[in-house]
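Trainee: Attaching a predicted model along with its sequence, questions to come.
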Protein chains: 2
Amino acid sequence: MEDNLSTFFNYVNENSQYLIGTLREAVAIPSVSSDAKKRSEVFRMADWVKDRLVKLGADVKTVDPGTQELQGQTVQLPPVILSRYGNDSNKKNILVYGHYDVQPALKSDGWETDPFDLVETEDGRLVGRGSSDDKGPVIGWILTLEAFIKHGIDLPVNLLFCFEGMEESGSIGLEKVVGDEASNWFKGVDYTTISDVGWSSKDKPCIDFGIRGMNYFSINVSGPVADLHSGVFGGVVQEPMVVLTKLLAGLVEVDGKINIAGIHDQVMKLTEEEEKTYHGLSLTREALENDVGGDCLMEKDMVQLLMHKGRYPSLSVHGIEGAFYDPGSKTVIPASVKGKFSIRTVPNMEPETVKKITFDHVHKEFAKLNSKCKLEVEELSNGMWWYASPDLPINVAASKAMKRVYGTEPEYVREGGSIPITIVFQEQLKADVLLLPMGTCGDGAHSTNEKLDKFNYLEGIKQFFALLYEFSLL
Amino acid sequence: MEDNLSTFFNYVNENSQYLIGTLREAVAIPSVSSDAKKRSEVFRMADWVKDRLVKLGADVKTVDPGTQELQGQTVQLPPVILSRYGNDSNKKNILVYGHYDVQPALKSDGWETDPFDLVETEDGRLVGRGSSDDKGPVIGWILTLEAFIKHGIDLPVNLLFCFEGMEESGSIGLEKVVGDEASNWFKGVDYTTISDVGWSSKDKPCIDFGIRGMNYFSINVSGPVADLHSGVFGGVVQEPMVVLTKLLAGLVEVDGKINIAGIHDQVMKLTEEEEKTYHGLSLTREALENDVGGDCLMEKDMVQLLMHKGRYPSLSVHGIEGAFYDPGSKTVIPASVKGKFSIRTVPNMEPETVKKITFDHVHKEFAKLNSKCKLEVEELSNGMWWYASPDLPINVAASKAMKRVYGTEPEYVREGGSIPITIVFQEQLKADVLLLPMGTCGDGAHSTNEKLDKFNYLEGIKQFFALLYEFSLL
């Protein structure tokens, strides 16, 4: 293993321009999944990926997930590309997930360079749409497989890929494909690696071992049958907006404390041991302040902040549907308004319990207001949190692989956001999932001037080699 | 006078189809002032009005108020039409204000008939855009003047008209024209009659003797430099929406009680005598409930409700700018949000005092929240209330005129909404203003199927004749 890794690491060092050039080819295809006019480009990207894999001798199967309604037309969904290299029953079956579609990008959005022309800057950034999210990891994995074949070195595992083209548009169709193929193409998968995350600080590799779930709610308050003029009816009619602002205002405190009785009771108790791990994390208050653009962080010490970023629930108020929202002034009494908020959930909160106690809370507070308006509470969506102990074999293996490349143990962090496909793979394939980053949280994945640092791309590919060997030892 | 009125009343009765036909001609011109594509129609309507007046031998002067920016283009404002008939220094100078523009209307909005084809229904409605607001009154006044000339009867007053074409779009330019012409065209005006209001109940004529003013505010709360993802930053960053909903929620109670200290102190004390007048008003709870479409009125007895409709201040929360407002769910932490609310003001509230105590209130409540977000309170506009005692000579004269036509004394009511031009005329011309309705509050002035009852149109014209005679006796 050591010799092979040494070979591969040298190969990466000596062929960086080839590896970057291949990523550049992929970035040049504007595979924006949210735009019907770009749908053909998503298909072109799928063909590019498929061709590469076929040329390497991998088995490739594309699954058509059907159609979707997009911008007033029915369009074909891009294929889910399933690929397998190796079918040795003595080897582990390792599945890698990635996506070949990207977020929209226009030069006029504020990009310094053409977003679909990967530019290598003097300070070592590879700037281009999808460089970090998620073409860097996808191309990195393909190039990893290619390097084994080029060098005639036997893969230590059977390597399966699942690349989709709809991740930036809700992964429409993926869950069904994974479910349908669970006992077929995916049969025997031992571990799944998802390369669609980033380091949680800009300087230190990490492994995500938890992601929060989310229950998204709407408080619907209605009164008059139609919007009214506040001159004519102000003081006469009960106003849904007054009721709604009171209900929203009572959900959470400025310091983040959630006022819904029973929410905090469900949170996994913090052990002394776990608390210690938060003291060693590399993410600094300065970095966080930089991310949010100023001093508007919760009034908590840094360890508390880090814990509230991933291991505690949070409640955010997103907005109101049905009220006046334009600039300027309008003297309307909105007849019917919907207040949107969501709760990020963590172990061991049950989505159904969260729903029930939230509904109960809102109904109880509404009753206190003694209003004639009508109330309806809706749950618009819910998604489960995910948690994988740092002690899980895949996490330990990944940790070893990363240490080989970066010379340091990765830190273990819990993500605040949701990555629904994690749950999909875990539940459908009943195999442990590893969240393995390549880029960092500072790459601007959905922003202008998205980049992947050259360092992260090249060392990221090295970690893929190392990971396959570490996996083979499990 | 009695003979002449009898002549005119008979004329109206015998020529109703001619009078309605003339209104139909005016309704047929879709003079929608808010739509740049319809601007030429507003000018066509101005020409129609001007031609009618010139043919009657009135002096007519059109004033060009300049241009405006509308829907991305610079467009010419429609003229203010100034007209005078009679210049006898022994007669009173009576100014009539009206507007010849209308609200937008499309058949597809839900109109049962073509909105620009005035239809007379079997149950006595004249259905069409502008029938009640404000072409009915404008045409009614022109036809009143025409009847004097047709019959060769000397007008008891000098009759001045001021007809604008921008009322439905904020009366842009009018205030300047009135100010510029105050000592010129409008010189010597004794009384101004504004015919752009309606009966406050559907069954009984009324005179409006008060209208509320309004201070419109925006509470601006900002935190992060850009919108954030609630997964990544929920629980970490202080959320402007949380602060804003708390500030909005604290402004007013569900029962309408305004929580801003000092607001109620400024309200004119209710006398026993005034209180009694509210017991005789014709507007019923059923009619109000019908207007708002159900039982969502404030929990007050009817006399209290009537007083809160016009003689007490009210506070309405209109909406939020900068937050999520679309249908569906979006996991955003809005970076910067503006909560819009307004206070309807009444005698003797001072706009400057209202502004100061409102600013103080919001700043004080914000301080209690101990938030790191930034607060700015803005006053987006303010307009003064207006109040004219029922004992004023013009009100008494109008009351007599209405009794002649309707056989009953009108009721005196205070309007809840603002009619800013009332203040403009009163302040610029230093002459008392009469708010004289033709239609009713049930005409659907800004809605689909706007109508003016045939009864109100014809009797409304009769009241114009009577009013001119009553004015001449002042």
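Mentor: Nice, I can see it.
Trainee: When you work out contacts or count neighbours from here on, use the C-alpha atoms and nothing else.
Mentor: Fine.
Trainee: tally of neighbours for A:Glu450?
Mentor: Using other C-alpha atoms under 10 Å in any protein chain shown, A:Glu450 is surrounded by 23 other residues.
Trainee: where does the closest residue in space to it that isn't next to it in sequence fall, phi/psi-wise?
Mentor: In space, and not counting its chain neighbours, A:Glu450 is closest to A:Gly444: 4.8 Å by C-alpha to C-alpha, 6 or more residues apart in numbering or on different chains. Backbone torsions of A:Gly444, given as degrees, to the nearest 10, read phi 70, psi 50.
Trainee: ok, how many other residues are close to A:Gly444?
Mentor: A:Gly444, neighbours per other C-alpha under 10 Å, totals 16.
Trainee: surely it meets A:Lys451?
Mentor: Yes - because the distance of 6.8 Å satisfies C-alpha atoms under 8 Å, A:Gly444 is recorded as touching A:Lys451.
Trainee: any idea how far chain B is from the spatially most central residue of chain A?
Mentor: Note on chain A: the residue nearest the mean C-alpha position is A:Ile419, at 4.1 Å, using C-alpha atoms, centre = their mean. Plainly put, A:Ile419 is 10 Å away from chain B if you go by C-alpha to the nearest C-alpha, to the nearest Å.
Trainee: how about that residue, what does it touch?
Mentor: Counting by C-alpha atoms under 8 Å, 6 or more residues apart in numbering or on different chains, A:Ile419 makes contact with A:Ile211.
Trainee: For it, what are phi and psi?
Mentor: phi -130, psi 90.
Trainee: which other residues reach stretch A:187-195?
Mentor: Contacts for stretch A:187-195 (C-alpha under 8 Å, 6+ apart): A:92-98, A:134, A:137-138, A:181, A:394, A:422, A:425, A:429, A:431-438.
Trainee: Can you name the residue of the stretch 301-450 of chain A nearest chain B?
Mentor: Here the stretch 301-450 of chain A gets closest to chain B at one residue, A:Gly417, 3.5 Å apart by C-alpha to the nearest C-alpha.
Trainee: For the spatially closest residue to that residue that is not a sequence neighbour, grab the count of nearby residues.
Mentor: Nearest residue to A:Gly417, sequence neighbours excluded (C-alpha to C-alpha, 6+ apart): B:Gly231, at 3.5 Å. B:Gly231 is flanked by 30 other residues according to other C-alpha under 10 Å.
Trainee: Quick check: B:Gly231 is in a strand.
Mentor: No - with DSSP: H, G, I helix; E, B strand; the rest coil as the criterion, B:Gly231 is located in helix rather than a strand.
Trainee: List the residues that contact it.
Mentor: B:Gly231 touches A:212, A:344, A:416-418, B:331, counting by C-alpha under 8 Å, 6+ apart.
Trainee: same check, this time on A:Gly250
Mentor: Applying C-alpha under 8 Å, 6+ apart, we find A:Gly250 in contact with A:259, B:246.
Trainee: do the same with the one 5 residues further on
Mentor: Going by C-alpha under 8 Å, 6+ apart, A:Asp255 touches A:298-299, B:238, B:371.
Trainee: Please apply the same query to A:Ala287.
Mentor: A:Ser201.
Trainee: avg pLDDT for the strand or helix carrying it?
Mentor: A:Ala287 belongs to helix A:285-292 when elements are defined using DSSP states H and E. The average of the pLDDT scores along helix A:285-292 is 90.
Trainee: Can I get it in PDB, CA atoms only?
Mentor: Only the C-alpha atoms of helix A:285-292 are listed here, as PDB (Å, rounded to 0.1, in the frame of the first residue of the first chain):
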ATOM      1  CA  ARG A 285     -15.100  33.600  16.000                       C
ATOM      2  CA  GLU A 286     -13.300  35.800  13.600                       C
ATOM      3  CA  ALA A 287     -13.900  33.400  10.700                       C
ATOM      4  CA  LEU A 288     -17.600  33.200  11.700                       C
ATOM      5  CA  GLU A 289     -17.900  36.900  11.900                       C
ATOM      6  CA  ASN A 290     -16.200  37.200   8.600                       C
ATOM      7  CA  ASP A 291     -18.800  34.800   7.100                       C
ATOM      8  CA  VAL A 292     -21.800  36.800   8.400                       C
END
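Trainee: Enumerate the positions of that helix that are buried.
Mentor: For helix A:285-292, burial by neighbour count (16 or more other C-alpha atoms under 10 Å in any protein chain shown) applies to A:285, A:288, A:291-292.
Trainee: Which ones among the residues you listed also lie next to chain B?
Mentor: A:Val292 (C-alpha under 8 Å from any C-alpha of the partner chain).
Trainee: Could you tell me how many residues sit around A:Gly460?
Mentor: Quick note: A:Gly460 (other C-alpha under 10 Å) scores 24 neighbours.
Trainee: close enough to count as contact, it and A:Leu452?
Mentor: No - taking contacts as C-alpha under 8 Å, A:Gly460 lies outside contact range of A:Leu452: 10.5 Å.
Trainee: overlap in contacts of those two?
Mentor: Contact with both A:Gly460 and A:Leu452 is made by residues A:Gly439, according to C-alpha under 8 Å, 6+ apart.
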